[in-house]
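1. Provided below are the primary sequence and the corresponding predicted coordinates.
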2 protein chains.
Amino acid sequence: MVAYRVDVAGDLFKALADPTRRTILDELTERSGQTLFEICARLSMKHRLGISRQAVSQHLAVLEAAGLVESRREGRYKFHDLNTAPLRRIAERWLAPDPSGPEESTP
Amino acid sequence: MVAYRVDVAGDLFKALADPTRRTILDELTERSGQTLFEICARLSMKHRLGISRQAVSQHLAVLEAAGLVESRREGRYKFHDLNTAPLRRIAERWLAPDPSGPEESTP
DNA sequence: ACGATAGGCAACCACACACTTGCCTATCAA
DNA sequence: TTGATAGGCAAGTGTGTGGTTGCCTATCGT
């Protein structure tokens, strides 16, 4: 059987394709466990990004779907933590030719 | 001085965001130095991708702009080679916190 | 010279996606 | 309970982008 490797990389690369999302990852790298409003404030202040709260929320949803961010709810706060695990697997695909084949399931 | 790091990662991640382009990279990994028509044939045959030659050509242009593919012209043939150098720098950004700061120039 | 092969250029189409707007729910403090 | 804070949901908009179609140039074989 071939094509074992499901293309879960799709979500990952798409998530990383947006500059705002990459900046959010930068912020979470600098300080993990931030809330939505904290991230909004930082993007606005130190990155001069005129962006709405909902936009940031949607970005966080994308990052979470890609497995790059994990969130935990406490009361009315929702904290966001960076998960670098998917990043470590990123380049493997083309750097180390996998014997099982590079096929995707359904591109 | 901060914000030395120009966001050249943008093109890279955008290039990787498309499944067809990732499949092209797979093919070039398996066999480097293919021509446009060879790549077209492989995408069509073993990947069942109904895609036009021009579409593949445009994908190759994107990959080349991202530095992932280099091309050399010989007569009427144009050979495409994989360049994995950009891939090695991919994950560094969030895995190894850079003292110079993670800032982008202009997102 | 002629046709065949390999590739490039430009305009058009359609969908995806980033972002906004408007309104709603939930938790906490007074 | 009331207001403020933190966040969610959903519809609408507009640009970006993957894809196509049509035509053009360049190189090779005969």
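-> Received the coordinates, thanks.

2. for DNA strand C, what is the nearest residue in chain A?
-> A:Gly75 (2.6 Å; CB to the nearest atom of the strand). (Glycine included, C-beta is placed from N, CA and C.)

3. what's the burial count for that residue?
-> Other residues near A:Gly75 come to 5 when the count uses other CB atoms under 10 Å in any protein chain shown.

4. read off the pLDDT value for it.
-> If you check A:Gly75, the pLDDT there is 95.

5. let me know the distance separating it from B:Ala91.
-> 34 Å (CB to CB, to the nearest Å).

6. what are the ranges of the strands in chain A?
-> A:69-74, A:77-82 (DSSP state E).

7. just for chain A, where's the confidence low?
-> Within chain A, the stretches with pLDDT under 70 are A:1-8, A:96-107.

8. mind running it again at 90?
-> A:1-11, A:87-107 (pLDDT under 90).

9. for it, what lies in contact range of DNA strand D?
-> Within reach of DNA strand D by CB under 7 Å from any atom of the strand, chain A has these residues: A:Thr35, A:Leu36, A:Phe37, A:Arg53, A:Gln54, A:Ser57, A:Leu60, A:Arg76, A:Tyr77, A:Lys78.

10. give me whichever of the strands of chain A is most buried.
-> strand A:77-82 (a mean of 16; mean count of other CB atoms under 10 Å in any protein chain shown).

11. for it, packing partners?
-> helix A:19-30, helix A:36-45, strand A:69-74 (3 or more CB pairs under 8 Å, 6 or more residues apart in numbering or on different chains; DSSP states H and E).
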